[in-house]
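In: Coordinates for the following, if possible.
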Amino acid sequence: MNNYPKDVYGYSDLKQIELAIQAAQHAVGQATHSMDPDQIENANAALKQAREQFTHALAHQHNMDNAFAAHSSALLDQAAHQLHEAEEDLQD
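Out: Sure, this is the predicted structure:
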C-alpha cells in the first residue's frame, strides 16, 4: 500500500490517509480486545476520521491509484465491521 512515487502530487495526503487507516485499525483492535465502551467510542471516532480523509481524497485527488483506493476502502470496511460486531456483543 505504500509504493506510490514521491513525485506524484498528493503523496503526503495519501500517506496521511494510510496512517489514519492504520491508527483506526489499531484503535479498533484495542477496543475489541478490551471491550471497553470508552475505547469503542474512541475507535469509532478514529474510524470516522480516517473514512472522512479517505472520502475527501477520493473526491479531490484524481491521481489516486485504483489499487490504493480499493485496498483502503476494504481496510476501512473491515475495521467498521469488526467494531460493529464488538458493539453488538457489548449490548448483549
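
In: Touching the helix or strand harbouring residue 55 from outside, list them.
Out: In this assignment (DSSP states H and E), residue 55 forms part of helix 37-60. Here helix 37-60 makes contact (CB atoms under 8 Å, 6 or more residues apart in numbering) with 10, 13-14, 16-17, 20-21, 23-24, 27-28, 30-32, 64, 69, 72-73, 76, 79-80, 83, 86-87, 90. Quick note: C-beta positions are derived from backbone N, CA and C, even for glycine.

In: List only those of those residues flagged as buried.
Out: The neighbour-count criterion (16 or more other CB atoms under 10 Å) marks 10, 14, 17, 20-21, 24, 27-28, 31-32, 64, 69, 72, 76, 79-80, 83, 86-87 among the contacts of helix 37-60 as buried.

In: Can you tell me how far residue 16 is from residue 33?
Out: From residue 16 across to residue 33, the span is 26 Å (CB to CB, to the nearest Å).

In: Tell me which stretches of the chain form strands.
Out: Per DSSP state E, the chain carries no strands over any range.

In: And the helices in it?
Out: 11-34, 37-60, 66-91 (DSSP state H).

In: how close does the residue nearest to residue 23 when sequence neighbours are not counted get to residue 85?
Out: Distances taken as CB to CB, 6 or more residues apart in numbering place residue 46 nearest to residue 23, at 5.7 Å, with adjacent residues excluded. Distance of residue 46 to residue 85, computed by CB to CB: 17 Å.

In: Those two: which has the busier surroundings?
Out: Higher neighbour count among residue 46 and residue 85: residue 46, with 22 against 11, using other CB atoms under 10 Å.

In: Any figure for the gap between that one and residue 25?
Out: To residue 25, residue 46 is 9 Å away according to CB to CB.

In: ok now stretch 85-92, how far from the chain's centre?
Out: Taking CA atoms, centre = their mean, to the nearest Å, one finds stretch 85-92 lying 20 Å from the centre of the chain it belongs to.

In: Just the residues contacting that stretch, thanks.
Out: 28, 31, 32, 35, 37, 40.

In: so what's the residue nearest to the spatial centre of the chain up against?
Out: By CA atoms, centre = their mean, the chain has its centre lying nearest to residue 21, at 3.0 Å. Residue 21 makes contact with 50, 54, 72, 75, 76, 79, according to CB under 8 Å, 6+ apart.
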